[in-house]
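*Asks:* Sequence and predicted structure, then a few things I'm wondering about:
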Amino acid sequence: MIFEGLSDKLQGAFSKLKSKGKLTEKDVKAAMREVKLALLEADVNFKVVKDFVKKVQERCVGQEVMESLTPAQHVIKIVNEELTALMGDVQSKITISSKPPTIIMMVGLQGAGKTTTSGKLGGYFKKQGKKPLLVACDVYRPAAIKQLEVVGSSLGIEVFNMGDKENPVNIAKAGLSHAMKNNNDLVIIDTAGRLHIDEELMDELKSIKSEVKPHEILLVVDSMTGQDAVNVAESFDNALGIDGVVLTKLDGDTRGGAALSIRAVTQKPIKFIGMGEKLDDLEPFHPDRMASRILGMGDVLSLIEKAQETMDMEKAKALGAKLKKQEFDFEDFLDQMEQIQKMGSMDKILGMIPGMGDIKNQLGDVDMNGKEMNRVKAIIQSMTIEERRNPQILNASRKRRIAKGSGTSVQEVNKLVKQLNEMKKMMKMFTSNSKGMKKRGGFPGLPFFK
Ligand SMILES: Nc1nc2c(ncn2[C@@H]2O[C@H](COP(=O)(O)OP(=O)(O)OP(=O)(O)O)[C@@H](O)[C@H]2O)c(=O)[nH]1
C-alpha cells in the first residue's frame, strides 16, 4: 500500500480523536504532535512539516470545529484539505503546444527512471491518439540508446537516434526536424543522467534547452531517495529551470517524504508518478486522491479509471447482478483474479478501496504471480460444475479428489475456499458501502457499485 507507514500512523492518531466526544485544544495539540512525528518519520522536509502542522492547528482550534458535533471528522477534513494543498491542490497537466510538436525534455540523475519514464510517457500519450517520437540523447551510458529502442519498440513508438558518437545537442536538433517532417505531435527527449549534478551535465542540458526550446522540462526523481529527491529538484530548478516533476518508484516502500515535500519546496508540480517497472505503470498525479489514500480513505476514482480501462463491461454487469443475489462462486472468483491481475495487483487495488486496508490482511497473499494463478486455475478446473457453483458441498473426500486431480494439496484447496469466502465478504461489504455511491449515480464499470 502506498505510504503504508505514514497512512497507518495518521489513521492511528485520528482514531484516538474519534473515540472522544467533544474535543479540547489539548486533544487537538496531542493529535497534531502525532501527525508531526508521522510526517517527520516519513522523511518529509522539516520546515514543510512545521508550517503544515501550524496551519492545521490554527484551523482546528477554531470555533466551527470545537463546537461541532463531530469534531474529529472536522479535523480529518482539515488535514485532508491541507495535505491536498501541500501537494499542489489540483492535477497539473502537461501543456500541449497549439503548434505541434509539443517538446518534452526529460532530465534527472542516473537511475531515477528517465529512460523508462520517457517510454511510459510516450505510451500514455499514444493511448490518447498522439504520435510521439522518442529521441535518444543519452550518449554516455552504454546501452542507454538500446534501452530506449527496446522500450520504444515494445510500445510501437519510433526512436530517433544518431548513435553515441554524435553531440547530444545535434541529436536533439535533428530529432526535432525529423518529427516536423513526420508529423509527430510529441517529441520526448531522453537526456543523459549522472551520478550527481555537475557543471558539464548542466551546460549540456542548457544547450539542448536553448536549441530545441522545450515546452516542458520534466525532472524525473526517484521517490525512494526521500529528501535527496527534494534537493535534486531544487538544484535542477535553480540551474536549468524545470516545469514539473515525475516521481518514480512509488510502488516501492518509499515513506512518502518526497511526494509531500517536493511541491512545497520547489513550487513546481508533480505531474506524473511511476508505480512500477511495467510500461503502463505511470499515473497522472492527483493531489486530492493521493491525500485521501494517505488518510486511508481510498481512491475510488483511480480504481474506476483502472477498472474501466481493463474491465469487460458485460462481465462487470453480469457479476454485479450476481453479487446483488449474494452469489459469488469459483467461476467468478477466477474471473476476478484474472481481472485484478490485469489491473495491477491486489495490494494496489485494495489501497484504493475505502476502508479495505484490514481486508487486505485477511485476504493474505491473494496477490498471485503466474505460478500461484495456475495452481488456482488447476484446483478450480478439477472441480465439477456443481462444486464450483456451490462451494459449500465441498467435503473432505471431494477436496481430496480435487487436490489429487490438480496436483495440489488439501491445504491449498482449503485456503482457496477461505479466500473465496473472504472475497465474498469483501464484495458484500463493498456493495453495502456503496449505497452512498449509488446516490451519486453509482460508478459505471465496477460491478460492486451497481
Ligand atoms: N519499481 C519501479 N522501478 C522503476 C520505476 N521507474 C523506473 N524503474 C526502474 O528503475 C531502473 C532505472 O530506470 P532507467 O529508466 O534506466 O533510469 P535512468 O534514469 O534512465 O538511468 P540512466 O539512463 O542511467 O540515466 C530500471 O530498472 C527501471 O525499471 C518505477 O516507477 N517503479
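*Replies:* That came in fine, so what should we check first? Numbering: from 1, shown residues only.

*Asks:* Please count neighbours and contacts with C-alpha atoms only from this point.
*Replies:* Fine.

*Asks:* What is the end-to-end distance of stretch 209-219?
*Replies:* With CA to CA, to the nearest Å as the measure, the first residue of stretch 209-219 is 13 Å from its last.

*Asks:* Quick one: neighbours of the closest residue to F330 other than its chain neighbours, just the number.
*Replies:* Leaving out its chain neighbours, the residue that sits closest to F330 by CA to CA, 6 or more residues apart in numbering is R388, at 5.1 Å. By other CA atoms under 10 Å, the residues close to R388 number 20.

*Asks:* now the one 5 residues further on
*Replies:* I393: 12 surrounding residues under other CA under 10 Å.

*Asks:* Isn't it up against M383?
*Replies:* No. The criterion here is CA atoms under 8 Å, and I393 misses it with M383 at 11.0 Å.

*Asks:* burial measure for G252, as a count.
*Replies:* Neighbour tally, G252, other CA under 10 Å: 15.

*Asks:* ok, so what distance separates it from M224?
*Replies:* Going from G252 to M224 by CA to CA gives 7 Å.

*Asks:* for K18, same thing?
*Replies:* Using CA to CA, we find K18 at a distance of 32 Å from M224.

*Asks:* which of the two has more neighbours?
*Replies:* Shown here are K18 and M224; by other CA under 10 Å, M224 has more neighbours (22 against 17).

*Asks:* would you say that one is within a helix?
*Replies:* Yes. Looking at M224 with DSSP: H, G, I helix; E, B strand; the rest coil, it is inside a helix.

*Asks:* Assign the closest residue to it other than its chain neighbours to helix, strand or coil.
*Replies:* Using CA to CA, 6+ apart and skipping residues adjacent in sequence, the residue nearest M224 is T254, 4.9 Å away. Per three-state DSSP, the secondary structure class of T254 is coil.

*Asks:* Which residues are in contact with the residue positioned nearest the centre of the chain?
*Replies:* Centroid-nearest residue in the chain, with CA atoms, centre = their mean: M275, separated by 4.9 Å. Contact analysis of M275 by CA atoms under 8 Å, 6 or more residues apart in numbering lists T248, K249, L250, D251, D281, L282, E283.

*Asks:* neighbour-wise, which of those leads?
*Replies:* Most neighbours among those, by other CA under 10 Å: T248, with 26 neighbours.

*Asks:* and the gap between the nearest residue to that one once chain neighbours are set aside and V221?
*Replies:* Nearest non-adjacent residue to T248, counting by CA to CA, 6+ apart: G274, 4.0 Å away. For G274, the distance to V221 equals 10 Å [CA to CA].

*Asks:* Now do the shared contacts for those two.
*Replies:* Common neighbours of G274 and V221 (CA under 8 Å, 6+ apart) are V246, L247, T248.

*Asks:* quick one: pLDDT of the second one?
*Replies:* Put plainly, it is L247. pLDDT for L247: 95.

*Asks:* On the three-state scheme, the spatially closest residue to it that is not a sequence neighbour is what?
*Replies:* With sequence-adjacent residues excluded and distances taken as CA to CA, 6+ apart, L247 is closest to I273, at 4.8 Å. Taking three-state DSSP as the rule, one finds I273 in the strand state.

*Asks:* residues contacting I273?
*Replies:* For I273, the contacting residues are V246, L247, T248, K249, L250, L282, E283, P284, F285, by CA under 8 Å, 6+ apart.

*Asks:* tell me, which of these make contact with the ligand?
*Replies:* Residues of the contacts of I273 in contact with the ligand (CA under 6 Å from any ligand atom): T248, K249.

*Asks:* Make TSV out of the contacts of I273 and add secondary structure and distance to V159.
*Replies:* Below are those laid out as TSV (DSSP: H, G, I helix; E, B strand; the rest coil; distance: CA to CA, whole Å):
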residue	secondary structure	distance to V159
V246	strand	21
L247	strand	23
T248	strand	22
K249	coil	24
L250	coil	27
L282	strand	20
E283	strand	22
P284	strand	23
F285	coil	26
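
*Asks:* Next, give phi and psi for the residue of the chain most remote from its centre.
*Replies:* Distance from the centre of the chain peaks at S397, with 44.4 Å (CA atoms, centre = their mean). Phi and psi for S397, reported as degrees, to the nearest 10, are phi -70, psi -40.

*Asks:* mind checking how far it is from K404?
*Replies:* Distance of S397 to K404, given as CA to CA: 11 Å.

*Asks:* again with V230
*Replies:* 56 Å.

*Asks:* between these two, who's got more neighbours?
*Replies:* A count of neighbours by other CA under 10 Å puts V230 above the other of V230 and K404, at 26 against 14.

*Asks:* quick one, what contacts that one?
*Replies:* Applying CA under 8 Å, 6+ apart to V230 gives the contacts A258, S261, I262, V265, T266.

*Asks:* go on, F125?
*Replies:* K131, P132.

*Asks:* now swap in L176 and tell me
*Replies:* V187, V212.

*Asks:* Ramachandran coordinates for it?
*Replies:* Main-chain torsions, L176, degrees, to the nearest 10: phi -60, psi -40.

*Asks:* How about A136?
*Replies:* Main-chain dihedrals, A136, degrees, to the nearest 10: phi -90, psi 100.

*Asks:* Surely A264 touches V48?
*Replies:* Yes. At 6.9 Å, A264 counts as touching V48 under the criterion of CA under 8 Å.

*Asks:* Which residue is the nearest non-sequential neighbour of A239?
*Replies:* By the measure of CA to CA, 6+ apart, the closest residue to A239 outside its immediate chain neighbours is M202, 7.0 Å from it.

*Asks:* Pull out the buried residues from the helix or strand containing that neighbour.
*Replies:* Secondary-structure assignment from DSSP states H and E places M202 in helix 199-212. By neighbour count with 16 or more other CA atoms under 10 Å, helix 199-212 contains the buried residues L205, K206, I208, K209, V212.

*Asks:* and that helix, what does it pack onto?
*Replies:* In terms of contacts (3 or more CA pairs under 8 Å, 6 or more residues apart in numbering; DSSP states H and E), helix 199-212 is packed against helix 168-181.
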